[in-house]
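Participant: A structural model of the following input is requested.
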Amino acid sequence: MGVLNITADSFYSESRAMDENGIIEKAALMVSEGADILDLGAMSSRPGAHLLPVEVEMDRMLMACSIIRSKFPNVLLSIDTFRFRVLEALLPFGIHLINDISAGKENEEIWAFAAQHHLPYVLMHMKGDPRNMATLNQYDDLIAEILDFYIQRVPTIIQAGVKDIILDPGIGFAKNIEQNFYLLRHLHLFKLLEFPILIGLSRKSLIWKTLGIAPEEALNGTTALHMQALNQGAAILRVHDVKAARQTICLWKKLQQPITQ
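Facilitator: As a prediction, this is how the structure comes out:
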């Protein structure tokens, strides 16, 4: 899953595209490098980010979807939003996936929408919202609390009619650096729920703060942690650097093959 941010304030500058040429250039690169899905977002979810007016988010997403559909008609589109109105507006562009960081807390109508239009739904764990989540990283048992979160919400989503649910444990969302690494060491425990696991750790602060570098220098660290995520059961990697992720997946698959002599 390649990340395309239609916003000027995402934490990694190379993921941003605010005009037609930028959107086409970045989308073309990711598609050519083997992205199965493009994840479009128009509002930053980095720690401390402010909420955009819904009209601004909608205008940006309509522009991006129109451009991408005209140039890349067959690419799968994931929509990174928690706003029902935005999803409704984008439906004519043939969207394929809902990536909702709020887990329906902003508007549970999203679940009925996903069910009605047969869209897979990404259920992400987060406490609070991007404005305050950095202060809400207190847990008695991190893994147990995330599991409880899923166990409480999944039945309601299924009852709403959603057929395909993907779990995202929310690396960096209401979790500090040590908690993020702990989560990656125990990611396999979420396989107990028998849903695909999506991981979004690409160039995030657990990498560049640990290494004392900038996000622009964090590709090598991202690759290292992607291998860990795959070993722990991740099914989808949400990435800024599609080529590197594709190569990681290729080598990981080679490691899973039985020995032949």
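Participant: Counting neighbours, what do you get for residue 89?
Facilitator: 17 (other C-beta atoms under 10 Å). To be clear about C-beta, it is placed using only N, CA and C from the backbone, and glycine gets the same treatment.
Participant: Against residue 32, how distant is it?
Facilitator: 28 Å (C-beta to C-beta, to the nearest Å).
Participant: which residues in this protein form helices?
Facilitator: Taking DSSP state H as the test, the helices found in the chain are 20-32, 54-71, 84-90, 109-116, 142-159, 177-185, 205-211, 219-231, 242-256.
Participant: With mean pLDDT and distance to residue 166 as extra columns, can I get the ones you listed in JSON lines?
Facilitator: Listed next are those as JSON lines, based on pLDDT from 0 to 100; distance: least, C-beta to C-beta, whole Å:
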{"stretch": "helix 20-32", "mean pLDDT": "93", "distance to residue 166": "19"}
{"stretch": "helix 54-71", "mean pLDDT": "93", "distance to residue 166": "20"}
{"stretch": "helix 84-90", "mean pLDDT": "94", "distance to residue 166": "16"}
{"stretch": "helix 109-116", "mean pLDDT": "95", "distance to residue 166": "11"}
{"stretch": "helix 142-159", "mean pLDDT": "96", "distance to residue 166": "11"}
{"stretch": "helix 177-185", "mean pLDDT": "97", "distance to residue 166": "16"}
{"stretch": "helix 205-211", "mean pLDDT": "96", "distance to residue 166": "21"}
{"stretch": "helix 219-231", "mean pLDDT": "98", "distance to residue 166": "14"}
{"stretch": "helix 242-256", "mean pLDDT": "97", "distance to residue 166": "17"}
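Participant: Please name whichever of these is nearest to residue 194.
Facilitator: helix 142-159 (10.2 Å; C-beta to C-beta).
Participant: ok so, going back, now the helices of the chain in CSV, with distance to residue 41?
Facilitator: Supplementary listing: these in CSV, determined by distance: least, C-beta to C-beta, whole Å:
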stretch, distance to residue 41
helix 20-32, 12
helix 54-71, 8
helix 84-90, 10
helix 109-116, 15
helix 142-159, 21
helix 177-185, 20
helix 205-211, 18
helix 219-231, 18
helix 242-256, 16
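Participant: Out of those helices, flag the one nearest residue 129.
Facilitator: helix 54-71 (14.3 Å).
Participant: Which strands or helices does that closest one pack on?
Facilitator: helix 20-32, strand 37-41, strand 76-80, helix 84-90 (3 or more C-beta pairs under 8 Å, 6 or more residues apart in numbering; DSSP states H and E).
Participant: I'd like to know which elements the last one is packed against.
Facilitator: Helix 84-90 is packed against helix 54-71, strand 76-80, helix 109-116, with contacts defined by 3+ C-beta pairs under 8 Å, 6+ apart.
Participant: most tightly surrounded among these?
Facilitator: strand 76-80 (a mean of 23; mean count of other C-beta atoms under 10 Å).
Participant: Run the chain-centre distance for that strand.
Facilitator: Remark: strand 76-80 is offset 10 Å from the chain centroid, using C-alpha atoms, centre = their mean, to the nearest Å.
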